[in-house]
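Chemist: Fold the following.
(one chain, ligands or ions: 1)
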Amino acid sequence: MFAMSQSKALISGITGQDGSYLAEFLLGKGYEVHGIVRRVAIEDPEHRLARLDAIRSRIKLHAASLESYASIHQVVANVRPDECYHLAAQSFVSYSFDDEFSTLNANINGTHYMLAAVKNVVPQCRFYFAGSSEMFGKAEEVPQNERTRFHPRSTYGISKVAGFELTRNYREAYGLHGSNGILFNHESPRRGYEFVTRKITSGVARVVAGRSSELRLGNLDAKRDWGHAREYVEAMWLMLQQEQPDDYVIATGETHTVREFVELAFGLAGLNYRDYVAPDPELFRPAEVNVLLGDASRAKEKLGWSPRTGFEALVREMVEADCRLLGVEPKVRARVG
Ligand code: GDD
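Modeler: Numbers count the residues shown, from 1 in each chain. Prediction:
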């Protein structure tokens, strides 16, 4: 199936938004691409592998569980990757308040198993850990950079700090080429429906299609630095092409409230969000991250990476895609006044 000389990449979380974009990007670079998936995904490809439809025949999937070191070890030993991208996690912050234990177990142990398997089997393999701006949490400074102190506000954030430190420790203790990406929020038409951006753009599409007249949302005042996922996976790859491993903030350097996102998304479809959005106290988090704004200067300087898609273009792409999915004409306006 694959030529002998190709570099091999192994991606955990390949079925997700970032994993699917990364797999496409690496195929484009000539990599042999392998992915770790849960057995249930292989048994239910129509739903769980949908984001990989276009490239399914060009990648190889391996069933393993992030809760089992033995299964991860076996995949790493079979594939013997040159580069490993560890993206898999319980990544929905809200859910981490409902089930703290499984978030911590899956995210921390899963990362530790991946690191240990790589170190034990293919110590020269380069390793990427998907860190998160949620690690900054109640941020002590704005904007946040690689030197900003972590103050996570959820077990999700805590699990990401642990993964970050594990990766750094493997780098320092065992000489692993392990890099941490500190990625700020990144979205696309492939975003899961539980995250606020997709919830909003799919909600707009449902209103346009006449299927709904209300969208329930939580805190509209939280501020996020939203970029395009397709561009953020390029930064992951760039990190592993550097001679020395390091940690990098990946962000746009612009922050917007959830309210601004809602207003723009409805506005692009010629609608006023105030007519549709209903506040729902149940959707507020016990501890909120109020402001995230990233300073990606190091990535720009060392990786030559910069974001390309602006806020309005991102919202527009998502609204248009969700309208198309429901078979309705987006009628997206050229510019919101
Ligand atoms: N999900 C959701 N649903 N969020 C809502 C809602 C709602 O109905 N209403 C308001 N929000 C607010 C949340 O309180 C939060 O402040 C903000 O919208 C963004 O929430 P999410 O889209 O769920 O993303 P997140 O910022 O919590 O986390 C995402 O970004 C991180 C990077 O900073 C996830 O992708 C994480 O996995 C990632 O690490």
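Chemist: Contact residues of the chain facing the ligand?
Modeler: Residues of the chain found near the ligand (C-beta under 6 Å from any ligand atom) are 91, 93-94, 132-134, 184-185, 194-197, 199, 217-219, 222, 224, 258, 283, 285, 288, 292. For every residue, glycine as well, the C-beta is placed using N, CA and C.
Chemist: Which among these count as buried?
Modeler: 91, 93-94, 132-134, 184-185, 195-197, 199, 217-219, 222, 224, 258, 288, 292 (16 or more other C-beta atoms under 10 Å).
Chemist: Just these: which are in helices?
Modeler: The helices, defined by DSSP state H, take in 93, 94, 196, 197, 199, 258 from those.
Chemist: Which helix in the protein has the most residues?
Modeler: Criterion DSSP H: the longest helix present in the chain is helix 155-174.
Chemist: Now that one: buried residues?
Modeler: Going by neighbour count (16+ other C-beta under 10 Å), the buried part of helix 155-174 is 155-168, 170-171.
Chemist: Ok, stretch 135-146 next?
Modeler: Buried residues in stretch 135-146 (16+ other C-beta under 10 Å): 135, 136, 137, 139, 143, 144, 145, 146.
Chemist: could those residues go into TSV alongside pLDDT?
Modeler: Shown next, in TSV, are these (pLDDT from 0 to 100):
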residue	pLDDT
135	98
136	98
137	98
139	96
143	98
144	98
145	98
146	98
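Chemist: Contact partners for the residue of the stretch 1-150 of the chain found nearest the ligand?
Modeler: In the stretch 1-150 of the chain, the residue found nearest to the ligand is residue 132; the distance is 3.1 Å by C-beta to the nearest ligand atom. By C-beta atoms under 8 Å, 6 or more residues apart in numbering, the contact list for residue 132 reads 156, 157, 160, 182, 183.
Chemist: Work out for me the element the fourth one sits within.
Modeler: Think residue 182. Using DSSP states H and E, residue 182 falls within strand 177-183.
Chemist: Which of the helices or strands spans the closest residue to residue 58 other than its chain neighbours?
Modeler: Counting by C-beta to C-beta, 6 or more residues apart in numbering, residue 58 lies nearest to residue 27, which is 5.7 Å off, once chain neighbours are set aside. Using DSSP H and E, residue 27 falls within helix 17-28.
Chemist: can you list contacts of that helix?
Modeler: With contacts defined as C-beta under 8 Å, 6+ apart, helix 17-28 is touched by 9, 11-14, 33, 35, 51-52, 54-55, 58-59, 85, 87-88, 130, 186, 188, 190-192, 229-230, 232-234, 236-237.
Chemist: Filter these down to just the ones in helices.
Modeler: Mapping these onto helices (DSSP H) picks out 229, 230, 232, 233, 234, 236, 237.
Chemist: And for the last one, the neighbour number?
Modeler: Neighbour count for residue 237, taken as other C-beta atoms under 10 Å: 19.
Chemist: again, but for the third one
Modeler: Other residues within reach of residue 232, judged by other C-beta under 10 Å, total 26.
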